[in-house]
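Participant: Task: produce atomic coordinates for the following.
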Amino acid sequence: MTNPIHGHAVMQMMVESREPFTRASLKSAIDDRFGPDARFFTCSAGNMTAEALIDFLAQKGKFIEREGGFSTAPEKICGH
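Facilitator: This next block holds a predicted model:
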């Protein structure tokens, strides 16, 4: 098993893409970038699958609704 990846890495990937995501396309992008078995953590949760991380980030208000899906912004990434 690989080391867990901070959710900030996923959010940074989203910022860099400059494209909107759906839940399915974000899951696919996460799998492509980090691997389908990757586990994620945040400042307040751990051992999450990609699906669980997407749900967590959505619940925390980290996504910005856009035409065609959602994105995020650098100011949505906490600095700690």
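Participant: Look at the spatially most central residue of the chain and give its secondary structure.
Facilitator: The centroid of the chain falls nearest to Val10 when counting by C-alpha atoms, centre = their mean (3.9 Å). What DSSP: H, G, I helix; E, B strand; the rest coil gives for Val10 is helix.
Participant: Check what pLDDT the closest residue to it other than its chain neighbours gets.
Facilitator: The shortest distance from Val10 to any non-neighbouring residue, by C-beta to C-beta, 6 or more residues apart in numbering, is to Ile30 (6.0 Å). C-beta: built from backbone N, CA, C; applies to glycine. Listed pLDDT for Ile30 reads 98.
Participant: A helix includes Ile30, no?
Facilitator: Yes. Counting by three-state DSSP, Ile30 is part of a helix.
Participant: Wait, it touches Ala38, no?
Facilitator: Yes. With contact taken as C-beta atoms under 8 Å, Ile30 and Ala38 are classed as touching, separated by 7.2 Å.
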